[in-house]
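>>> curious how this folds, go ahead:
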Amino acid sequence: MQVINLKEDYIKLGQALKAAGLVSSGVEAKIVISNEEVKVNGIVETRRGKKLIDGDIVSFDGEEIKIVG
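Numbering: from 1, shown residues only. Model (predicted):
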(Lines give C-alpha, C1' and ligand atoms only; values in the text may rest on other atoms or scores of the structure.)
Protein backbone atom coordinates (compact mmCIF):
# COMPACT_ATOMS: atom_id res chain seq x y z
CA MET A 1 0.00 0.00 0.00
CA GLN A 2 1.31 3.40 -0.97
CA VAL A 3 0.85 6.40 1.31
CA ILE A 4 0.25 9.97 0.21
CA ASN A 5 0.85 12.62 2.85
CA LEU A 6 -1.44 15.60 2.48
CA LYS A 7 0.13 19.04 2.18
CA GLU A 8 -3.29 20.71 2.13
CA ASP A 9 -6.66 19.67 3.60
CA TYR A 10 -7.32 17.32 0.66
CA ILE A 11 -6.04 15.97 -2.65
CA LYS A 12 -8.20 15.32 -5.69
CA LEU A 13 -8.62 11.75 -6.89
CA GLY A 14 -6.95 12.30 -10.27
CA GLN A 15 -3.99 13.99 -8.63
CA ALA A 16 -3.62 11.16 -6.12
CA LEU A 17 -3.50 8.52 -8.86
CA LYS A 18 -0.85 10.51 -10.69
CA ALA A 19 1.18 11.23 -7.53
CA ALA A 20 1.23 7.52 -6.69
CA GLY A 21 2.47 6.70 -10.19
CA LEU A 22 -0.57 4.55 -11.01
CA VAL A 23 -1.34 6.67 -14.08
CA SER A 24 1.03 8.68 -16.24
CA SER A 25 -1.16 11.71 -16.91
CA GLY A 26 -4.31 13.55 -15.96
CA VAL A 27 -5.92 12.31 -19.17
CA GLU A 28 -5.22 8.69 -18.22
CA ALA A 29 -6.63 9.35 -14.73
CA LYS A 30 -9.80 10.78 -16.28
CA ILE A 31 -10.21 7.68 -18.47
CA VAL A 32 -9.75 5.06 -15.74
CA ILE A 33 -12.01 7.00 -13.36
CA SER A 34 -14.78 7.46 -15.95
CA ASN A 35 -14.49 3.74 -16.84
CA GLU A 36 -15.39 2.96 -13.19
CA GLU A 37 -12.04 1.27 -12.52
CA VAL A 38 -11.29 3.26 -9.35
CA LYS A 39 -12.77 2.80 -5.88
CA VAL A 40 -12.63 5.15 -2.90
CA ASN A 41 -13.27 3.43 0.43
CA GLY A 42 -14.64 0.41 -1.43
CA ILE A 43 -17.15 2.35 -3.55
CA VAL A 44 -16.73 3.03 -7.29
CA GLU A 45 -15.95 6.73 -7.82
CA THR A 46 -16.49 8.45 -11.17
CA ARG A 47 -15.55 12.02 -10.20
CA ARG A 48 -11.94 12.90 -11.00
CA GLY A 49 -12.23 15.94 -8.71
CA LYS A 50 -13.42 13.91 -5.70
CA LYS A 51 -11.68 15.38 -2.66
CA LEU A 52 -9.73 12.79 -0.69
CA ILE A 53 -9.07 13.44 2.97
CA ASP A 54 -7.16 11.80 5.82
CA GLY A 55 -8.04 8.11 6.12
CA ASP A 56 -9.41 7.60 2.60
CA ILE A 57 -8.29 4.48 0.73
CA VAL A 58 -8.11 4.46 -3.08
CA SER A 59 -8.08 1.14 -4.97
CA PHE A 60 -7.07 0.79 -8.62
CA ASP A 61 -5.54 -2.00 -10.71
CA GLY A 62 -4.72 -4.16 -7.68
CA GLU A 63 -2.98 -1.29 -5.88
CA GLU A 64 -4.08 0.74 -2.87
CA ILE A 65 -3.27 4.28 -1.83
CA LYS A 66 -3.83 5.52 1.72
CA ILE A 67 -4.35 9.23 2.25
CA VAL A 68 -2.70 10.51 5.43
CA GLY A 69 -3.19 13.96 6.89
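>>> ok, now which ones touch the closest residue to residue 56 other than its chain neighbours?
Of all residues not flanking residue 56 in the chain, residue 67 sits nearest, at 4.4 Å (C-beta to C-beta, 6 or more residues apart in numbering). Where you see a C-beta, it was placed from the backbone N, CA and C, and this is true even at glycine. By C-beta atoms under 8 Å, 6 or more residues apart in numbering, the contact set of residue 67 is 4, 6, 11, 16, 52, 53, 54, 55, 56, 57, 58.
>>> may I see the buried residues of the longest helix seen in the chain?
In the chain, with assignment by DSSP state H, the single longest helix is helix 26-34. Neighbour counts over helix 26-34 (16 or more other C-beta atoms under 10 Å) mark 29, 32, 33 as buried.
>>> check stretch 49-63 too.
For stretch 49-63, by 16+ other C-beta under 10 Å, it's 50, 52, 56, 58, 59, 60.
>>> quick check: bridge partners of the second one?
By that I understand residue 52. residue 11 (DSSP bridges).
>>> what pLDDT does the model give it?
If you check residue 52, the pLDDT there is 98.
>>> distance from the chain centre to stretch 37-49, please.
Chain-centre distance of stretch 37-49: 8 Å, with C-alpha atoms, centre = their mean, to the nearest Å.
>>> how about the helices in the chain?
Counting by DSSP H, the helices of the chain are 13-19, 26-34.
>>> let's have the ones you listed in JSON lines, adding mean pLDDT.
Shown next, in JSON lines, are the helices of the chain (pLDDT from 0 to 100):
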{"stretch": "helix 13-19", "mean pLDDT": "97"}
{"stretch": "helix 26-34", "mean pLDDT": "97"}
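>>> I'd like these laid out as TSV, including distance to residue 41.
Output for the helices of the chain, formatted as TSV (distance: least, C-beta to C-beta, whole Å):
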stretch	distance to residue 41
helix 13-19	12
helix 26-34	15
